[in-house]
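>>> Need a 3D model of the following:
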Amino acid sequence: MSRVNSKLANGSDAIVPSSYTLSDVILIDNRGQERYITDLCAQISIKESVFATSLQAEVYILDAANMLEKVKPVSGEVLTLIISRRLARGGSEVYNHAFRISEINQLAKLKPGTQTYVINCVSEHAYMSQIKTVSKPFNDVPGALIEKLCIDELIIDPKELSINTETKQTIKGVYPRRRPLFLINWLTRRSYDNGSPFFFYETLGDGIHFNSYENMINKQHHKEYIHTPSMSSTPGAEEYFKGLSNKILKLSTDFNLSKYHDIAAGAYSSTLHTLDIAQKKYKKTTYSYGKDLKLNKSGLLAKDTGNKESGLMFNDRVVEDHSESTNFYVSLNTSAAGGGSNYHAPSEGDILSANAYIENMNGTILTINIYGDFNLSVGMTITCNIMKSVQDGNDKPGKDVYLSGKYLVTTIHHKFGDEYIMQVTCQKDSYIESLYNLGDL
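Next comes the predicted model:
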């Protein structure tokens, strides 16, 4: 039996974006029998992230039917979640995902006849990765190798994959005896697109992706979200639904602004040392922060673009000129594997900028709560317009140009309880206005 949550129009159509219907929760036990446990689910939380290779779900169970004793789960069982919403103007939105139970914990008996516990789940391919290791020759570009691992080793339907195979340089070698997802992460570390890194991740709405940072940040933003104290429209009207859909309910950030740590991590300058064992050649390459791709027009350093010598200075040099601050060492062998390029070969020329992109993603990290959006997933960009805390003498508060801007969505917690709320972590590597332009206090 499905369960309807939040406000609906005409008995079935959503009038607020937090509405959803928990259509079915189906548990297939170790005997292959389907059991519908929708009414036992008190709350569901699903996490997706560009830094995770699989979805993770937590299903909070309020059990007054002795399900544990009847089903006798030992983990590994299939749990399918079907969550939907009908829209006021027709059509519907659906999440339909089959998980594998990874563990059951936090059991408590609140009173006689009732017990609570949490079912933790991962996607099928994550469970599949636990039961095998791979050790065999490989010879292709990293993106194509990752696609092959997904299909051949993790048995993922190609229709669920969105793999960018346009990665730099064919590499040749033998896989170390490791699990498929370990190897995918291993190959991802040597995948580059014009100096930007790649990410392998899964979304609740549209499957598994392997895409570059460059492609992700160059996409048109999904939506503009506004942090404002109030909104005016009539409940039930289309403008009301849209207004709530674009509203930031809660905003927080740990900031973690630290040039002190970023400099040491190679965010602004670094050096690559390569040694070709076969040719006995040593090469040194340096990186300096500057014309990298950015989400917004102005970078993370306070700098006068008309004066090359301006900026954060140490020992009479700007911070991006201190390439000795961070060093990378790579061993090459151009005569290995019959003349093919080894695993480390793609890093030459790209590892420094890729590392800088990853470090600079932490320029500003926001955690925002918004109403549920079935079409928003990690790897997309959004625009956050955040109003100033204090008015500047105008009738309406202006935009905070320091916090506002285009962000990359990196993590989403889908929370299905009384309402569908998304807790979104979004990150930006730049600002909409130069840090050199100081405001008045």
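>>> who does the helix or strand harbouring Arg85 pair up with?
Take DSSP states H and E as the rule and Arg85 turns out to sit in strand 78-87. Take DSSP bridges as the rule and strand 78-87 pairs in its sheet with strand 13-14 (parallel), strand 20-28 (antiparallel), strand 92-111 (antiparallel).
>>> That strand: which residues count as buried?
Buried residues in strand 78-87, counted by 16 or more other Cβ atoms under 10 Å: 78-79, 81-87. Heads up, the C-betas are built off the backbone N, CA and C, glycines and all.
>>> can you redo the residues you listed as TSV with pLDDT and distance to Lys109?
What follows is the buried residues of strand 78-87, written out as TSV (pLDDT from 0 to 100; distance: Cβ to Cβ, whole Å):
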residue	pLDDT	distance to Lys109
Val78	96	27
Leu79	97	22
Leu81	97	26
Ile82	97	29
Ile83	96	29
Ser84	93	33
Arg85	88	35
Arg86	84	38
Leu87	77	41
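>>> Make sure Gly143 is indeed in a helix.
Yes. Under DSSP: H, G, I helix; E, B strand; the rest coil, Gly143 falls within a helix.
>>> Tell me which residues touch it, please.
163-167, 191, 198, 210 (Cβ atoms under 8 Å, 6 or more residues apart in numbering).
>>> what's the answer for Ser196, then?
By Cβ under 8 Å, 6+ apart, the contact list for Ser196 reads 212-214, 293, 353-354, 357.
>>> mind checking the SS state of His125?
Assigned with three-state DSSP, His125 falls in the helix class.
>>> count of neighbours near Ala267?
Close neighbours of Ala267, defined as other Cβ atoms under 10 Å, add up to 28.
>>> Identify, from the buried residues of strand 78-87, the entry nearest to Thr116.
When the buried residues of strand 78-87 are compared for distance to Thr116 (Cβ to Cβ), Leu79 wins out at 16.8 Å.
>>> ok, the closest one touching Arg100?
Yes. Assessed by Cβ atoms under 8 Å, Leu79 is found in contact with Arg100 at 7.4 Å.
>>> Now do the shared contacts for the two.
Counting by Cβ under 8 Å, 6+ apart, the residues touching both Leu79 and Arg100 are Cys121.
>>> one step back: what is the most widely separated pair among the buried residues of strand 78-87?
Greatest spatial distance among the buried residues of strand 78-87 (Cβ to Cβ): Val78 and Leu87, at 29.4 Å.
>>> re earlier: please convert the strands paired with strand 78-87 to JSON lines, extending it with mean neighbour count and distance to Leu332.
Compiled in JSON lines, the strands paired with strand 78-87 are given as follows (neighbours: other Cβ atoms under 10 Å; distance: least, Cβ to Cβ, whole Å):
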{"stretch": "strand 13-14", "mean neighbour count": "19", "distance to Leu332": "57"}
{"stretch": "strand 20-28", "mean neighbour count": "20", "distance to Leu332": "50"}
{"stretch": "strand 92-111", "mean neighbour count": "14", "distance to Leu332": "40"}
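>>> Can I get the ones you listed in JSON lines including distance to Lys280 and mean pLDDT?
Putting the strands paired with strand 78-87 into JSON lines (distance: least, Cβ to Cβ, whole Å; pLDDT from 0 to 100) gives the following:
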{"stretch": "strand 13-14", "distance to Lys280": "68", "mean pLDDT": "63"}
{"stretch": "strand 20-28", "distance to Lys280": "60", "mean pLDDT": "95"}
{"stretch": "strand 92-111", "distance to Lys280": "49", "mean pLDDT": "93"}
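>>> Could you dump these into JSON lines and include distance to Val122?
Output for those, formatted as JSON lines (distance: least, Cβ to Cβ, whole Å):
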{"stretch": "strand 13-14", "distance to Val122": "29"}
{"stretch": "strand 20-28", "distance to Val122": "15"}
{"stretch": "strand 92-111", "distance to Val122": "5"}
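>>> So for Glu124, which of these sits nearest?
Closest among the strands paired with strand 78-87, using Cβ to Cβ: strand 92-111, at 5.7 Å.
>>> could I have the closest one exported to PDB, CA atoms only?
Extracted in PDB, the C-alpha atoms of strand 92-111 (Å, rounded to 0.1, in the frame of the first residue of the first chain):
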ATOM      1  CA  SER A  92       4.700  12.500 -13.100                       C
ATOM      2  CA  GLU A  93       8.200  12.200 -11.600                       C
ATOM      3  CA  VAL A  94       9.500   8.900 -10.300                       C
ATOM      4  CA  TYR A  95      12.500   7.500  -8.500                       C
ATOM      5  CA  ASN A  96      12.800   3.700  -8.900                       C
ATOM      6  CA  HIS A  97      16.000   2.100  -7.600                       C
ATOM      7  CA  ALA A  98      16.900  -1.400  -6.500                       C
ATOM      8  CA  PHE A  99      19.400  -1.500  -3.600                       C
ATOM      9  CA  ARG A 100      21.200  -4.300  -1.800                       C
ATOM     10  CA  ILE A 101      21.000  -4.400   2.000                       C
ATOM     11  CA  SER A 102      24.500  -3.900   3.300                       C
ATOM     12  CA  GLU A 103      23.700  -4.000   7.000                       C
ATOM     13  CA  ILE A 104      21.000  -3.800   9.600                       C
ATOM     14  CA  ASN A 105      21.700  -1.900  12.800                       C
ATOM     15  CA  GLN A 106      20.500   0.400  15.600                       C
ATOM     16  CA  LEU A 107      17.800  -2.100  16.800                       C
ATOM     17  CA  ALA A 108      15.800  -0.900  19.800                       C
ATOM     18  CA  LYS A 109      12.600  -2.100  21.400                       C
ATOM     19  CA  LEU A 110      10.700   1.000  22.400                       C
ATOM     20  CA  LYS A 111       7.800  -0.900  24.000                       C
END
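>>> Provide the contact partners of it at residue level.
Residues outside strand 92-111 that contact it (Cβ under 8 Å, 6+ apart) are 23, 46, 55, 57, 68, 73, 75-87, 115-124, 126-127, 204-205, 374-375.
>>> go on, stretch 26-37?
Applying Cβ under 8 Å, 6+ apart, the contact partners of stretch 26-37 are 1, 24-25, 61, 67, 71-74, 76-80, 82.
>>> ok, 6 Å please
Outside of stretch 26-37, the residues within contact range by Cβ atoms under 6 Å, 6 or more residues apart in numbering are 25, 71, 77-80.
>>> From the residues you listed, pick the one nearest Ser341.
Proximity of those to Ser341 (Cβ to Cβ) peaks at Val78, which lies at 41.3 Å.
>>> Could you give the bridge partners of the closest one?
As for beta bridges, Val78 partners with Ile28, Arg100 under DSSP bridges.
>>> Now do it against Asn342, distance only.
From Val78 across to Asn342, the span is 40 Å (Cβ to Cβ, to the nearest Å).
>>> domains for this protein, by residue range?
Listed by automatic domain parsing, the domain ranges of the chain are 3-123, 132-213, 220-255+363-428, 259-358.
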